[in-house]
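Asks: take a look and give me a structure for this.
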Amino acid sequence: MLFLGVTPLEYVCFKEMKHGRHPKLATLLITYGAKFLHLKNSRNVSLLQQELGVGVTDFIILRAIVKTMVHLPSLVSLGIYSEGQANEILYARFFMGRHYAPGLGKRCKWYATIANSVRTLQHHCRVIIRDQLGPRRLCRVHQLPIPLSLQDYLLLEYDEYR
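Replies: The predicted model follows:
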């Protein structure tokens with residue numbers, strides 16, 4: 001049962017919910033167009049900040065987010081690193097007093113590498129096509145007269161960010 005005023009994506013992403021975090025279900029929702037950019041938990045931490053930081057040990061939701069955005073915010077703009085200290089993880093104000101997650105440095109390094117690199121034309125095309133299709137038509141991608149590999153790519157099945 002969902003709580004009033006909570007989207008399905010919020011329900012499966014944020015740990016403070018009664019049933020915990022469900023990364024595979026969250027990825028499915030993001031794959032089919034669920035909006036996450038302005039999604040924040042009760043502590044005002046965005047989904048991207050949460051997935052890069054506190055208490056998360058997998059890359060499942062983070063990979064889906066990276067695949068659906070053309071421009072990724074920097075770790076500095078997210079408040080995870082500070083200017084001039086790109087190799088040192090800081091406890092930004094939203095991390096203060098919370099559990100330091102194992103693998104935080106690894107996730108942040110992986111994310112920073114992608115965020116600081118030029119995204120491929122192929123990736124830009126995927127994002128534009130997905131935006132043009134919209135959430136209502138993404139579920140019909142398999143009906144398009146295009147190769148199965150391209151259908152899978154549009155539905156985030158292909159993982160170019162390992």
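
Asks: can I see the domain layout of this protein?
Replies: Domains of the chain are assigned by automatic domain parsing as 8-115, 121-154.

Asks: could you give me the buried positions within the shortest one?
Replies: Neighbour counts using 16 or more other CB atoms under 10 Å place 123, 126-127, 129-130, 133, 138, 141, 153-154 of domain 121-154 among the buried residues. Any C-beta I mention is one placed from the backbone N, CA and C, and that applies to glycine too.

Asks: okay, the domains of the chain, which one's buried deepest?
Replies: Ranked by mean neighbour count, the domains of the chain are led by domain 8-115 with a mean of 16 (mean count of other CB atoms under 10 Å).

Asks: so which strand or helix has the residue at the greatest distance from the centre of the chain?
Replies: The centre of the chain is farthest from one residue, residue 145, which by CA atoms, centre = their mean lies 28.7 Å away. According to DSSP states H and E, residue 145 maps onto no helix or strand at all.

Asks: now for the helix or strand of the chain with the lowest mean pLDDT, which elements pack on it?
Replies: Least confident element among the helices and strands of the chain, by mean pLDDT, DSSP states H and E: helix 104-115 (a mean of 84). Counting contacts by 3 or more CB pairs under 8 Å, 6 or more residues apart in numbering; DSSP states H and E, helix 104-115 packs against helix 47-52, helix 60-68.
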